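Participant: Sequence first, then the predicted structure:
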Amino acid sequence: MNKSQSTPKLKVCIGGYSTAGKRSVNQDAFAVKDPYSALEKTTKGIVACVADGVSCSNKGQQASHTSVTQFISDYYSTNKNWDVKESASKVLNSLNSWLYQHNQDDLRHNGLITTFSSVVIKSNTAHLLHIGDSRIYRFRAKKLKQLSHDHSRAVYKQNAVLTRALGMDCHLDIDYQAIPVQVEDLFMLCSDGVHDYLDNSSLSGYLNTLSNDADTKAFEQLAQIICDDALAQGSSDNISCLLVKITSLPRADLTELFVHLNSLIIPPALQVGNEIDCFHIDKILHQGVRSHVYLATDKSTKKSVVLKMPSLNFEEDLNYLLGFYKEQWVGQSIKHPAIMSIASNIKNSVFLYHICELVEGISLREWMQRNPIIEQQQAYEIVTKVVNAVRVLQRAGMVHRDLKPENIMISDQGEVKLIDFGTVKVNGFEEIEKEQQEEPLGAVDYIAPEYLNEGESSSLSDLFSIAVIAYELLAGHLPYPGNQGQSLDRARQYGWVYQPIKTHRPELSNRLDHVLQKALHPAPLKRYSSMSEFVAELSHVQKKQQLAEPKKTLLERDPVKFWQYLAFIFIGVSAFELLLLLKG
């Protein structure tokens, strides 16, 4: 699958209009930047802003135009590692200082002073920045909501007076808020020439006329209609309206998902026949102390899914919940046949659970129990598929950290799929992990010594776990039996004494033992440098083993086929003899 086609992106539809109205000069200004660069859009987002220069100053136009253009220019030039709040705040404070400094040479009523309102849409979050009495609205599900608060004060028999604006004071107090967004959310930014003359009902009526497939031209036309109506209703000010509608959203980043999921409710244990959101519970697959897993039917699509819900026992356990949140993010972020997918939450649901794909097959643990002794070639094929699946995570900057037979599914066709991503280490999210996590996660029998003892993990840690699985597939035992079943504290005191695989299967080669022992070395730097190198060495050992072994007869390789062939020969001979008798 083409990654660029399968990965959703941030897209918006934009349209705006501004007019001087009944005045000779338009002191309003608006600007938008929707970056062409994917990197710029990812790190900084899409910016829309409106400014309204104070009408009592003949420099209001300069102030508003300078503010919107300079803000966008400087914002996109800030350090890419700064978040939106830090970047925008630094730019606005610098801009305010410049305007205020220039105002010292002029009378206060003739200074560079302007309102400023901006929406920065980045990933799945809208960041609102506001100073003055321009406004930011959100139109969602046919309801209009004012998101900004006017910084103005009514004066008896006079127009409202601004209490806060860019350039008004040496100190700038910025209203900031971050809100989650949805596809179809429509933001409207406007100056007081609009909102002082059109109420919410009128504005909602206009915004409701936009169809889902409306284009930029339709947005611009509607913005002009709104401004014209404000003028018709008696507006004597400059008039500006800017519309920004979200048409597509990327996957939420992990921090955003953490914030959202943390606000949801853990459902109680369910029974067969119960319903939650659009799902009907068909079967209880697992009910344990940590989680509940159900087979369910999506009533809208009639498809079967697996619902995984955390136990109420862990509603105060931040470590456990962090793992649950991460599992959902990984399952939503990676689209690959070898990785279990997890669907997005049901829109507007208040419950915390995963919607997992129904994975056909059995766990590798169950498969090993059914097949206690397997050929080296079969073990090699399974290990190679596990490595390929883990490398999908590795390319995404992730370390699984809990690879074990229970977390690997194998289908009837021998295909492998990884499940359970609660322990996955995600690059760029280490800070939250450090704040919450104190103990390493995962099964002691399979996790690498460096993760067990120091909490450090890398792709070489996953390599260690894969080598344990490879050893167990071939031998039916673990390579470090003295550590088996130990508690976390006792496992940390273990001396890591490797038991040769030939102890269990003498027919296996010394070379194979050497390969496994190197991959299972307690020191990461003494293991293979990559998973591909480990797989290549296994393959090399397997080929040498095949060359060294005498070729097996058909009877040894496939007794059933041998006797079938023999039966066909006997039938053929009998038929030939019968034909000769008939001719004689």
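Facilitator: Yep, it's here. Numbers count the residues shown, from 1 in each chain.
Participant: Now do the strands in the stretch 301-450 of the chain.
Facilitator: 304-310, 342-343, 354-356, 362-363, 398-399, 408-410, 416-418, 425-426 (DSSP state E, counting those that start in this stretch).
Participant: ok, now which ones touch the closest residue in space to residue 358 that isn't next to it in sequence?
Facilitator: In this structure, residue 358 finds its nearest non-sequential neighbour in residue 304, 5.0 Å apart by Cβ to Cβ, 6 or more residues apart in numbering. Where you see a C-beta, it was placed from the backbone N, CA and C, and this is true even at glycine. Going by Cβ atoms under 8 Å, 6 or more residues apart in numbering, residue 304 touches 282, 295-298, 358.
Participant: On the three-state scheme, residue 32 is what?
Facilitator: Secondary structure for residue 32, judged by DSSP: H, G, I helix; E, B strand; the rest coil, is strand.
Participant: Now it. Nearest residue, chain neighbours left out?
Facilitator: residue 48 (4.6 Å).
Participant: do the same with residue 194
Facilitator: Nearest residue to residue 194 in three dimensions, chain neighbours excluded: residue 230, at 4.8 Å (Cβ to Cβ, 6+ apart).
Participant: Could I get the full set of helices for the stretch 101-250 of the chain?
Facilitator: Per DSSP state H, counting those that start in this stretch, the stretch 101-250 of the chain carries helices over the ranges 192-195, 200-207, 216-232.
Participant: Of those, which stretch is the most buried?
Facilitator: Stretch with highest mean neighbour count among those: helix 192-195 (a mean of 26; mean count of other Cβ atoms under 10 Å).
Participant: Does anything pack onto the helix or strand hosting residue 257? Which helices or strands?
Facilitator: Per DSSP states H and E: residue 257 is located in helix 254-261. Judged by 3 or more Cβ pairs under 8 Å, 6 or more residues apart in numbering; DSSP states H and E, the packing partners of helix 254-261 are strand 175-180, helix 318-333.
Participant: Mind telling me which of the ones you listed the model trusts least?
Facilitator: The minimum mean pLDDT among the helices and strands packed on helix 254-261 belongs to helix 318-333 (a mean of 86).
Participant: what comes up buried for that one?
Facilitator: Within helix 318-333, the residues scored as buried using 16 or more other Cβ atoms under 10 Å are 320-333.
Participant: And stretch 61-81, by the same measure?
Facilitator: Buried residues in stretch 61-81 (16+ other Cβ under 10 Å): 61-68, 70-72, 74-76, 78.
Participant: I'd like the distance from it to the chain centre, please.
Facilitator: 30 Å (Cα atoms, centre = their mean, to the nearest Å).
Participant: Stretch 225-242 too?
Facilitator: Relative to its parent chain, stretch 225-242 has a centroid offset of 42 Å by Cα atoms, centre = their mean.
Participant: Same check on stretch 508-517?
Facilitator: With Cα atoms, centre = their mean, you get 40 Å for stretch 508-517.
Participant: Identify each buried residue in that stretch, please.
Facilitator: Buried residues in stretch 508-517, counted by 16+ other Cβ under 10 Å: 508-509, 512-513, 515-517.
Participant: before we move on, what about stretch 177-187?
Facilitator: For stretch 177-187, by 16+ other Cβ under 10 Å, it's 178, 180-181, 185-187.
Participant: that older thread, from the chain's centroid, how far away is the helix or strand just after the helix holding residue 257?
Facilitator: Toward the C-terminus, helix 254-261 is succeeded by strand 275-276 as the next helix or strand (DSSP H and E). Its chain's average C-alpha position is 25 Å from that of strand 275-276, according to Cα atoms, centre = their mean.
Participant: so where's the stretch 351-500 of the chain uncertain?
Facilitator: In the predicted model, the stretch 351-500 of the chain carries pLDDT under 70 at residues 427-441, 484-487, 491.
Participant: Show me the helices in it, by range?
Facilitator: For the stretch 351-500 of the chain, the helices defined by DSSP H, counting those that start in this stretch occupy 364-370, 376-395, 430-436, 449-454, 459-475, 488-491.
Participant: Can you say which of those helices is packed in most?
Facilitator: Most buried of the helices of the stretch 351-500 of the chain, by mean neighbour count (mean count of other Cβ under 10 Å): helix 459-475, with a mean of 24.
Participant: Who are the packing partners of it?
Facilitator: helix 364-370, helix 376-395, strand 398-399, helix 449-454, helix 510-519, helix 531-548.
Participant: for this protein, longest helix please?
Facilitator: helix 559-583 (DSSP state H).
Participant: Only the buried residues of it, if you could.
Facilitator: Here helix 559-583 shows no buried residue, counting by 16+ other Cβ under 10 Å.
Participant: roughly how far is that helix from the heart of the chain?
Facilitator: Its chain's average C-alpha position is 64 Å from that of helix 559-583, according to Cα atoms, centre = their mean.
Participant: Kindly indicate which of the buried residues of helix 318-333 lies nearest residue 467.
Facilitator: Among the buried residues of helix 318-333, residue 330 lies closest to residue 467 (Cβ to Cβ), at 22.9 Å.
Participant: Confirm for me that that closest one is in contact with residue 398.
Facilitator: Yes: with contact defined as Cβ atoms under 8 Å, residue 330 counts as touching residue 398 (6.8 Å).
Participant: before we move on, the earlier item: restricted to strands, list the buried residues of stretch 61-81.
Facilitator: For these, not one is inside strands, with DSSP state E as the criterion.
Participant: next one: phi and psi at residue 51?
Facilitator: phi -140, psi 150 (degrees, to the nearest 10).
Participant: With adjacent residues omitted, what lies nearest to it?
Facilitator: For residue 51, ignoring the flanking residues on the chain, the nearest one in space by Cβ to Cβ, 6+ apart is residue 64 at 3.8 Å.
Participant: so how far is residue 445 from residue 385?
Facilitator: As judged by Cβ to Cβ, to the nearest Å, residue 385 and residue 445 stand 21 Å apart.
Participant: Pull up the gap between residue 315 and residue 264, please.
Facilitator: From residue 315 over to residue 264 the distance is 11 Å, taken as Cβ to Cβ.
Participant: hmm, back to that, tell me how many other residues surround the residue nearest to residue 32.
Facilitator: By other Cβ atoms under 10 Å, 26 other residues sit near residue 48.
Participant: three-state assignment of it?
Facilitator: Residue 48 - assigned by three-state DSSP - is strand.
Participant: Make 676 the first number, not 1, from now on.
Facilitator: Let's use 676 as the start, then, which means that last one is residue 723.
Participant: ok, now which ones touch it?
Facilitator: Residue 723 neighbours (Cβ under 8 Å, 6+ apart): 689, 705-707, 793-796, 862, 864, 917, 919.
Participant: Same question for residue 700.
Facilitator: By Cβ under 8 Å, 6+ apart, the residues touching residue 700 are residue 736.
Participant: so it, which of the three states?
Facilitator: Here residue 700 is recorded as coil under three-state DSSP.
Participant: try residue 690
Facilitator: Three-state assignment for residue 690 (three-state DSSP): strand.
Participant: and the gap between it and residue 906?
Facilitator: Distance, residue 690 to residue 906, by Cβ to Cβ: 18 Å.
Participant: again, but for residue 843
Facilitator: Going from residue 843 to residue 906 by Cβ to Cβ gives 28 Å.
Participant: Then residue 991?
Facilitator: Distance, residue 991 to residue 906, using Cβ to Cβ: 57 Å.
Participant: Residue 1063 too?
Facilitator: Following Cβ to Cβ, the distance that separates residue 1063 from residue 906 is 65 Å.
Participant: One more: residue 1095?
Facilitator: Residue 1095 sits at a distance of 61 Å from residue 906 (criterion: Cβ to Cβ).
Participant: same check, this time on residue 1022
Facilitator: For residue 1022 relative to residue 906 (Cβ to Cβ), the value is 38 Å.
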